[in-house]
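Chemist: Test case, fold it:
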Amino acid sequence: MVDLSTFDPNGAGNPNNNIFGLPFEEDEARLVILPVPWEVTVSFGSGTARSAEQLMTASLQVDLFDPAYPEGWKQGFFMREPDKKVLLKSDYLRKEAELYIDYISKGEVVGDNQFMCRTLKEVNEGSAYLNNWVYQQSKAILDSGKLLGLLGGDHSTPLGYMKAIAEKYGEFGIIQIDAHCDLRDAYEGFSYSHASIMYNALKEVPQLKKLVQLGIRDYSLGEHQFIKDNSDRVRTYFDQEIRVRQYEGESFRQIVEEVINQLPDKVYISFDIDGLDPKLCPNTGTPVQGGFETEQVFYLFDKIVKSGKQIIGFDLSEVSTSENGWDANVGARVLFKLCNLMVASNPS
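Modeler: Next up is the predicted model:
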């Protein structure tokens with residue numbers, strides 16, 4: 001155990017310490033954060049592969065006193081260094097993917113171009129490699145008895161973690177905060193696109209019994225039909241639906257209670273930062289007007305914990321870099337809340 005007798009939680013964050021300025025090493029921390037510096041298939045803005053460094057800096061400004069979970073940090077949070085090999089692979093394949101996306105966006109046929117055929121193959125093989133890397137890292141951390149949170153990268157990154165979680169905990173549900181459904185089958189030809197994460201999770205993780213999505217406000221006709229066709233496993237609370245129900249007199253609390261009733265006993269949180277109002281995350285890859293305030297989402301998560309359901313894991317994705325570090329500032333506070341929720345939901 002770490003001796004905290006000389007650590008001042010009210011002092012300035014020490015950059016020589018780890019995330020949030022906490023003086024824990026990995027073996028001493030109860031919760032480990034695994035950064036995954038990957039953004040190969042993003043469709044619009046980039047920068048999320050390098051978010052961990054900015055987020056680490058921003059985390060030093062986060063006050064450790066969370067009135068809902070005032071001593072959560074004492075259990076120890078630790079973030080690993082981003083893997084440089086993964087980042088270099090992401091950088092290389094991202095350039096290839098950009099050329100490919102530009103090519104197909106003009107209506108060109110992939111089969112007519114050998115270079116594009118090879119590019120698509122390389123990207124899909126790289127994404128499969130990434131999924132296996134995340135699975136192996138996640139499994140090792142979970143097998144060591146630690147709690148685990150994943151920090152993307154783009155939203156394609158947590159699939160391997162979801163598989164490791166399923167092996168450890170069995171049947172579970174996902175609560176997804178997002179502007180997008182992410183239910184596309186091989187979007188733009190990429191088998192493991194950021195826009196396909198939930199489609200792939202439903203397809204490849206049989207222990208995933210229910211997906212509950214909130215804040216969705218940008219989606220395709222095909223995704224809308226997929227939701228209708230899979231209503232036994234997917235419940236989507238579109239942003240417009242939530243707002244209309246509130247306009248017509250329902251409270252947010254009533255909606256949250258309904259959401260929680262949709263979830264099984266074990267819950268995984270998948271938080272794409274673009275689920276928030278874009279004033280809070282303007283540099284995220286694909287911002288969309290509308291969305292939640294942070295306190296609305298925190299209220300939902302707090303109610304999940306108080307309901308007695310167990311939060312077994314989380315990912316936070318699409319937090320991008322920016323010149324002023326604003327996105328990382330918001331992302332660090334979201335990450336701190338997720339860490340506190342996780343340890344509160346898993347009493348030692």
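Chemist: State the number of residues packed around the closest residue to S43 other than its chain neighbours.
Modeler: Leaving aside its chain neighbours, S43 sits nearest to T286 (6.2 Å; criterion: Cβ to Cβ, 6 or more residues apart in numbering). Quick note: C-beta positions are derived from backbone N, CA and C, even for glycine. Residues lying near T286 (other Cβ atoms under 10 Å) number 19.
Chemist: can you tell me how far T286 sits from A52?
Modeler: When distance is defined by Cβ to Cβ, to the nearest Å, T286 is 20 Å away from A52.
Chemist: likewise D272?
Modeler: D272 is 16 Å from A52, by Cβ to Cβ.
Chemist: Now do the same contact list for F78.
Modeler: Shown in contact with F78 (Cβ atoms under 8 Å, 6 or more residues apart in numbering): 18-19, 22, 24-26, 28-29, 31-33.
Chemist: and what of C117?
Modeler: C117 touches 110-111, counting by Cβ under 8 Å, 6+ apart.
Chemist: Could I get the pLDDT score of it?
Modeler: Note on C117: pLDDT of 94.
Chemist: next one: G45
Modeler: Here, the pLDDT recorded for G45 equals 66.
Chemist: quick one: the helices in the stretch 201-348 of the chain?
Modeler: Listed in chain order, the helices of the stretch 201-348 of the chain (DSSP state H, counting those that start in this stretch) span 221-229, 239-247, 252-262, 294-306, 326-345.
Chemist: okay, these, which one's buried deepest?
Modeler: The highest mean neighbour count among the helices of the stretch 201-348 of the chain, using mean count of other Cβ atoms under 10 Å, belongs to helix 326-345: a mean of 23.
Chemist: For that one, which helices and strands make contact with it?
Modeler: strand 31-36, helix 51-59, strand 147-152, strand 266-272, helix 294-306, strand 310-317 (3 or more Cβ pairs under 8 Å, 6 or more residues apart in numbering; DSSP states H and E).
Chemist: picking up where we left off before, would you check how far apart the residue nearest to S43 and S127 are?
Modeler: With distances taken as Cβ to Cβ, T286 is found 18 Å from S127.
Chemist: N261 now?
Modeler: Taken as Cβ to Cβ, the span from N261 to S127 is 35 Å.
Chemist: Tell me the secondary structure at the closest residue in space to E26 that isn't next to it in sequence.
Modeler: Spatial nearest neighbour of E26, chain neighbours left out: F78 (4.8 Å); criterion: Cβ to Cβ, 6+ apart. Under DSSP: H, G, I helix; E, B strand; the rest coil, F78 falls in the strand class.
Chemist: what about F78, distance to G285?
Modeler: As for F78, its distance to G285 is 27 Å (criterion: Cβ to Cβ).
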